[in-house]
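Chemist: need coordinates for the below:
(one chain, ligands or ions: 3)
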Amino acid sequence: LVQLSNKYLILPGMVDLHVHFRDWGLSHKETLEGGARAALAGGVVAVGDMPNTSPHIRTAELYRKRVEQGSGLPILYRLHMGVPEEVAELDRARPRSVKIYPEDVASFGWQHVERLAERCASLGCFLIFHCEDPSYFKNSERPPEAEVACVERVRQIAHRTGVRVHLTHITLPYTAEATRGWASVDVTPHHLLLDMDNCKDPALCLVNPRLRTPEIRRGLLAALASGLIDMYATDHAPHTLEEKRSGNPPPGICSLDIALSLLLSLWKRGIVSLDDVVRLYSFRPSRLLGVDIDTARGSFAVVKLEEFEIRGGNFAGSCKFTPFEKFKAFGMVEATAVRGKIYFKNGEVYSLQLAL
Ligand code: DOR
Ligand code: ZN
Ligand code: ZN
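Modeler: Numbering: from 1, shown residues only. Ligands and ions are numbered 1, 2, ... in the order given. All right, here's what the predicted structure looks like:
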C-alpha cells in the first residue's frame with residue numbers, strides 16, 4: 001500500500017468525503033474546477049461534495065445536474081444530496097447519501113429526519129450528519145452541548161430505523177466514544193490542530209462547528225491516536241477574503257491543499273501511523289463514498305518527506321488564505337495521478353478541462 005524511500009512516499013490517492021466546491025450561485029467563492037485544483041494539489045483524487053450550494057440541492061433534478069457536472073472533473077466526484085421537502089424525492093434521485101444540517105433540523109424538524117431515515121434505510125442510502133442540535137444555539141453561540149444532544153437524537157433514529165449514519169466533523173472525544181458500534185465519524189484538520197487559544201485570527205478561525213478549548217482538542221487527538229476515529233475530512237469551505245474580513249464573516253476554513261501534509265505531520269509526531277493515514281484519509285472514505293482508488297489503477301500521491309511552511313498564497317484553488325499560515329507541516333505533495341494520468345506535478349495543475 002505504501003512505498004517508502006528515504007526521500008519520497010507513494011500513497012494511494014486521498015479521498016475527502018466532505019468538501020464544498022460551491023460554483024453555481026456561489027462561484028465567486030469557488031468553482032468545481034477550482035475545487036478540483038485544490039484537491040489535486042493536496043493529493044486528493046476523490047471527493048464527496050456538499051449540497052448547500054445556491055440553490056441547495058434538494059431535488060432529483062438538481063442532484064442529477066450537479067453529478068453530471070462533477071463527472072467532467074479529472075478527480076472522482078460524489079455528491080451528498082440535501083434534505084428534500086418530500087421524502088419521495090429520494091426514490092427519484094436515488095442518492096448514496098443525504099446530508100443533514102442543523103438548519104434542516106430547525107426548519108423541517110427531527111420528525112422529518114426520522115421519516116427520511118426510514119426511507120433511506122429501505123433504499124440503502126446513508127445519512128451524513130452535521131451533528132449539532134439547533135435548539136442549543138443561542139444568539140451566535142453554538143456550544144459543545146449541541147453536539148452531545150444531537151448524538152443522542154441520532155442514536156435513537158439509527159436504532160429505530162436501522163439507517164446507516166455517519167457523523168462528520170465531530171469535535172468532542174465524547175462523540176468518538178458514544179458512537180462506537182452504531183455510527184462512523186470523521187474529524188477535520190482544524191478541530192485536531194486549532195483551538196480557541198492557539199487560533200489567533202477570529203475571522204479566519206470562525207467555523208461551524210466552532211473550534212473548542214485546548215483540552216477538548218487534545219482529547220480529540222487522543223481519540224485519533226487510540227483508533228476511535230474512522231476517517232479524516234477537511235470540510236473545505238471556501239469564502240472570499242473580503243467576506244471573511246467583513247463585519248459579518250461567514251464560517252468556514254479551506255484546507256484541501258494542505259490536509260494530507262497536516263495529517264502526515266501527525267505521523268511525524270508519532271500520533272498516527274502511516275497505515276492510519278491511509279485508513280483515515282483514503283481507504284475508509286473510499287468505501288463510504290463507493291469509489292475505487294486502488295493504486296494499481298493509477299490513482300496515487302507522491303509526497304516529499306521534508307518540512308515546509310504553509311502559505312495560503314501557494315494554494316491552487318480559489319481560496320488563498322488559511323488560519324494555518326506559517327505553520328510548519330511535514331510532507332509536501334509533489335505529484336498526484338488519477339487513473340493513470342498525472343494531473344499535478346511540481347506545483348502545477350495540468351489539463352484540467354471541465355467537460356460541461
Ligand atoms: O463552517 C462551516 N462552513 N460549516 C458548515 O456547516 C457550512 C460551511 C460552509 O458551507 O461554508
Ligand atoms: Zn458542517
Ligand atoms: Zn461542510
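Chemist: neighbours of Ala106, how many?
Modeler: Using other CB atoms under 10 Å, Ala106 has 12 neighbouring residues. In short, each C-beta sits where N, CA and C put it, glycine included.
Chemist: typo on my end, Leu123
Modeler: Per other CB under 10 Å, the neighbour tally for Leu123 reads 15.
Chemist: likewise for the one 5 residues further on?
Modeler: Burial of Ile128 is recorded as 25 neighbouring residues (other CB under 10 Å).
Chemist: likewise for Ile57?
Modeler: 28.
Chemist: any idea of the pLDDT on it?
Modeler: On pLDDT, Ile57 comes in at 98.
Chemist: measure it to Pro202 for me?
Modeler: 31 Å (CB to CB, to the nearest Å).
Chemist: can you check Val67 too?
Modeler: Applying CB to CB to Val67 and Pro202 gives a distance of 37 Å.
Chemist: those two: who's more crowded?
Modeler: Val67 (17 against 10).
Chemist: next helix or strand past the lowest-mean-pLDDT helix or strand in the chain?
Modeler: Lowest by mean pLDDT, DSSP states H and E among the helices and strands of the chain is strand 3-4, with a mean of 71. Once strand 3-4 ends, the next helix or strand along the chain (criterion: DSSP states H and E) is strand 8-12.
Chemist: where exactly do the helices run in the stretch 51-200 of the chain?
Modeler: 60-70, 89-93, 102-108, 110-123, 144-161, 173-178, 189-193 (DSSP state H, counting those that start in this stretch).
Chemist: count of neighbours near Thr171?
Modeler: As a measure of burial, Thr171 has 25 neighbours, counting by other CB under 10 Å.
Chemist: and if you look at His169?
Modeler: Around His169 there are 22 residues (other CB under 10 Å).
Chemist: residue numbers of the stretch 1-150 of the chain in contact with ligand 1?
Modeler: His20, Asn52, His130 (CB under 6 Å from any ligand atom).
Chemist: so which of those is the most crowded?
Modeler: Result: His20 is most packed of these (other CB under 10 Å), 24 neighbours.
Chemist: quickly note the distance from that residue to Leu167.
Modeler: 18 Å.
Chemist: identify each buried residue in stretch 156-171, please.
Modeler: Ile157, Ala158, Thr161, Val163, Arg164, Val165, His166, Leu167, Thr168, His169, Ile170, Thr171 (16 or more other CB atoms under 10 Å).
Chemist: brain fart, stretch 76-86
Modeler: Leu76, Tyr77, Arg78, Leu79, His80, Met81, Gly82, Val83, Pro84.
Chemist: hmm, who's touching it?
Modeler: Outside stretch 76-86, the residues that touch it by CB atoms under 8 Å, 6 or more residues apart in numbering are 45-52, 56-59, 63, 66-67, 70-71, 90, 93, 95-101, 104, 108, 112-113, 116, 128, 289-291, 293, 299, 338.
Chemist: same thing with stretch 187-200?
Modeler: Contacts for stretch 187-200 (CB under 8 Å, 6+ apart): 18, 169-171, 205, 207, 209-214, 216-217, 220-221, 224, 229, 231-235, 253, 255, 258-259, 262-263, 266, 323-324, 327.
Chemist: that older thread, next step: the residues of the stretch 1-150 of the chain next to ligand 1 restricted to strands.
Modeler: His130 (DSSP state E).
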